[in-house]
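Colleague: Sequence first, then the predicted structure, then my questions.
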Amino acid sequence: MGSTIGIDLGTTNSCMAIYEAGNAVVIQTGEGPRVMPSVVAFTPAGDRLVGIVAKRQAITNPKDTITSVKRLIGRKYDELSSETFNVSYDIVPNEKGDAVIKVSDGKLYTPQEISSMILQKMKYRAEEYLGEEVTDVVVTVPAHFNEIQRKATKAACTIAGLNVKRVLNEPTAAALAFTDAVERKKIAVFDFGGGTFDISILQVVNGIFEVKATTGNTQLGGDDFDARLVEWIMSEFKREKGIDLRSDPVAPQRVREAAERAKCELSAALETSLNLPFIASSESGPVHLEMSITRGLFEGIIKDLVETTRPLCKQVLKDAGISPDDLEVVVLVGGSTRIPLVRQIVRESFEQEPVHSVNPDEVVAMGAAIAGSVVSGQRKDLVLLDVTSLTLGVETLGGVMAPIITKNSPLPIKRSKMFTTAVDNQQIVGIHVLQGERDLAEDNRSLSRFELVGINPAPRGVPRIEVSFSIDANGILFVNAKDAVTGKHQEIKVNPSGGLSDEDIRKLMREAKHNQEADRDRMKLIEERNFADQLIYESNRILRTRVDTIDESLFEELEVSLEKMRTERDGTNIAEIEQAMRNLNSTLNIIKNMLKMVESLEDKDAPDDFVSLDNKSEDELTDTQDQ
């Protein structure tokens, strides 16, 4: 069986890990950092960039640089009206009403497609690291993700060529990475990332990780802090300079990046400075943005957002039936937990100092890797018992929601309820599947609608219709409606892809596979160009510093090979680049060997007394000089 990797598909950054030799090991992204920015960009030249290279060009290409896509996945456009998105690209509805991304050339991308591009890049890096093909994955999602968001995440993995062995809640993954299986304790996991917030209570007993309760907010995260700070910076700049940066195509992106840096710096410092030269222009010339931001000011800007986590902490304790005194430890997860104000809220809510001994950006991926070792059979000493994050039910007469599976029910689970018809001789019953905590159907999330056909005509109230909900260990919902008299039934897997049909997914998988091969070729081209640059630099150095030492014919040969290398380096033919490198490298090696011979002869011609003096003591050197 091949390796099962763990992936934390984050709002701001993504991370992956593998379970090796009894430990979860983070897999490097190949670009320096251990986490990869969850950023995708489409360049004017037609290239697709993913990760840090996409993030670096965001200032010059803001409309086609896609960030924070996790906040859109599995969501309808109408749901976004009350939210503030700190992004520069266009979010529009497609023909199904789903929120999709529109780029400059008019093409629409679903959040699943963009997410699959990030996953595909991670898959490629994991295969480089392991030296084998990677297909199996445990992917994490916020505990408070609904069914459609979970299935949309799974669809993104499928498009990327990954087989999802388990969809794991992020707080549960963090607990796996933090706690030893033999320990016995109650844990609170406070997970505050770039786009989502979760809080879960787990009990660990003899290798059994049982989630007792979970709650959260999938529209709250560090992105919201950035948006608040960006708005304040641009408002202050307009007040001081009279210039509105919002109308500029590039300036807002520069402010976004500066605000994110300032937020991170204020976690460690009490004050930071913003300096953005040439941010705008006026009649008197260029205008620069220069201002200082204190931690107190920043905390004042975001305090009401952070405070919304406090009642959720109280709620999860109530749902778990425990008090803060019952908790052995509170674990911090996610980059936003580095903010001192957030830590203060956690400290006050749970009446103890939270711990952050594991890197909050990596702990979820590490836990996913441990879960991967469980599903692949490497570890048999762990059992993961998760819960539903929201209540599931159906709409009944009068638009009322009838719960079937209540929130915080243990997974996997199956529950059924009997219903009947509302009118005489009714032969078709509509089943409207809902998720949420409100009493009225219209106030909850609609997951799916389907019909049970073929009911025997009878007075209302006589037919017996059993509606069953079952949720597997991945949190995937199946609904079955059965007529108890005729035995006719209808079963659905609720919206398996968050708006994408099976044919859509197959088409996107084919495109992703084609793009994966193109991406591999592009990565190979970049690597070859890097090697070429090193050879060009070395050749230039020799030409510049050893011009008098090199034989004239070799000098000319090196110049010719170097010029050929420069020409091929900017091309796209990898074979020709490699051939040019071989030719240049061959000439360089000849010259280097010749230079070594010259240096060796120079050493032999050196005076004997000069060589021997180097081995004498300080006193002997003094005596020699006196003589």
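Modeller: That came through, no problem. Numbers count the residues shown, from 1 in each chain.
Colleague: Run the chain-centre distance for the helix ranked longest in the chain.
Modeller: Taking DSSP state H as the criterion, the chain has its longest helix at helix 502-545. Between the centre of helix 502-545 and the centre of its host chain there is 23 Å, according to Cα atoms, centre = their mean, to the nearest Å.
Colleague: Also stretch 205-217?
Modeller: Computed by Cα atoms, centre = their mean, the chain-centroid distance of stretch 205-217 equals 23 Å.
Colleague: Give the buried residues for it.
Modeller: 207, 209-217 (16 or more other Cβ atoms under 10 Å). No exception for glycine: its C-beta is placed from N, CA and C like everyone else's.
Colleague: avg pLDDT for the longest helix of the chain?
Modeller: Helix 502-545 carries an average pLDDT of 76.
Colleague: and that helix, what does it pack onto?
Modeller: Other helices and strands packing on helix 502-545, by 3 or more Cβ pairs under 8 Å, 6 or more residues apart in numbering; DSSP states H and E, are strand 48-50, helix 111-130, helix 147-159, helix 552-569, helix 574-604.
Colleague: Present those as CSV; the columns should include distance to S14, mean pLDDT and mean neighbour count.
Modeller: Converted to CSV, these look like this (distance: least, Cβ to Cβ, whole Å; pLDDT from 0 to 100; neighbours: other Cβ atoms under 10 Å):
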stretch, distance to S14, mean pLDDT, mean neighbour count
strand 48-50, 10, 90, 21
helix 111-130, 6, 93, 23
helix 147-159, 11, 91, 26
helix 552-569, 31, 85, 16
helix 574-604, 28, 81, 14
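Colleague: Nearest to F469, out of these?
Modeller: When the helices and strands packed on helix 502-545 are compared for distance to F469 using Cβ to Cβ, the nearest one is helix 147-159, at 10.4 Å.
Colleague: What are the contacting residues of whichever helix or strand comes after the closest one?
Modeller: Scanning forward in sequence from helix 147-159 by DSSP states H and E, the next helix or strand is strand 163-169. Applying Cβ atoms under 8 Å, 6 or more residues apart in numbering, the contact partners of strand 163-169 are 4, 135-143, 150, 153-154, 157-158, 198, 200, 211, 214, 367-368, 371-372, 375-376, 384, 386, 389, 473-476.
Colleague: quick one, strand 163-169 and helix 147-159 angle?
Modeller: On the basis of axes from the mean of the first three to the mean of the last three Cα atoms, to 10 degrees, strand 163-169 is oriented at 150 degrees to helix 147-159.
Colleague: CA atoms of strand 163-169 as PDB?
Modeller: What follows is strand 163-169, C-alpha atoms only, in PDB (Å, rounded to 0.1, in the frame of the first residue of the first chain):
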ATOM      1  CA  ASN A 163      -8.300   9.600  -3.200                       C
ATOM      2  CA  VAL A 164      -9.700  10.900   0.000                       C
ATOM      3  CA  LYS A 165      -9.400   8.200   2.700                       C
ATOM      4  CA  ARG A 166     -10.900  10.400   5.400                       C
ATOM      5  CA  VAL A 167     -12.200  13.900   5.800                       C
ATOM      6  CA  LEU A 168     -11.000  15.000   9.300                       C
ATOM      7  CA  ASN A 169     -12.000  17.900  11.400                       C
END
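Colleague: tell me what whichever helix or strand comes after that strand is packed against?
Modeller: Sequence-wise, the next helix or strand downstream of strand 163-169 (DSSP H and E) is helix 170-178. Under the contact criterion of 3+ Cβ pairs under 8 Å, 6+ apart, helix 170-178 touches strand 4-8, strand 136-141, strand 185-192, strand 197-205, strand 208-217, strand 329-333, helix 363-375.
Colleague: Would you point to the one among the ones you listed that's packed deepest?
Modeller: The highest average neighbour count among the helices and strands packed on helix 170-178, using mean count of other Cβ atoms under 10 Å, belongs to strand 4-8 at a mean of 29.
Colleague: Give the partner strands of it in its sheet and their orientations.
Modeller: Strand pairing for strand 4-8, using DSSP bridges, gives strand 13-20 (antiparallel), strand 136-141 (parallel).
Colleague: can you list those strands in JSON lines and add mean pLDDT and distance to K107?
Modeller: Below are the strands paired with strand 4-8 laid out as JSON lines (pLDDT from 0 to 100; distance: least, Cβ to Cβ, whole Å):
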{"stretch": "strand 13-20", "mean pLDDT": "95", "distance to K107": "23"}
{"stretch": "strand 136-141", "mean pLDDT": "96", "distance to K107": "26"}
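Colleague: right, and these - which one's nearest T567?
Modeller: T567 lies closest to strand 13-20 among those, at 37.8 Å (Cβ to Cβ).
Colleague: Check which residues of the closest one are buried.
Modeller: For strand 13-20, burial by neighbour count (16+ other Cβ under 10 Å) applies to 13-19.
Colleague: returning to that earlier point: put together CSV for the strands paired with strand 4-8, with distance to N61 on each row.
Modeller: Listed next are these as CSV, based on distance: least, Cβ to Cβ, whole Å:
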stretch, distance to N61
strand 13-20, 20
strand 136-141, 28
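Colleague: Which residue comes closest to I73 once chain neighbours are left out?
Modeller: Residue nearest to I73 in three dimensions, not counting chain neighbours: P111, with 4.0 Å by Cβ to Cβ, 6 or more residues apart in numbering.
Colleague: I'd say that neighbour and A155 touch.
Modeller: No. Using Cβ atoms under 8 Å, P111 is not in contact with A155; the gap is 9.9 Å.
Colleague: Overlap in contacts, the two.
Modeller: By Cβ under 8 Å, 6+ apart, no residue touches both P111 and A155.
Colleague: Can you classify the nearest residue to A441 once chain neighbours are set aside as helix, strand or coil?
Modeller: Spatially, and ignoring its direct neighbours in sequence, A441 is nearest to E395 (4.0 Å; Cβ to Cβ, 6+ apart). Secondary structure assignment for E395 (DSSP: H, G, I helix; E, B strand; the rest coil): strand.
Colleague: Burial check on E395, number of neighbours?
Modeller: 20 (other Cβ atoms under 10 Å).
Colleague: residue contacts, it?
Modeller: Shown in contact with E395 (Cβ under 8 Å, 6+ apart): 401-402, 432, 434, 441.
Colleague: So which of these are in helices?
Modeller: Per DSSP H, the contacts of E395 never map to helices.
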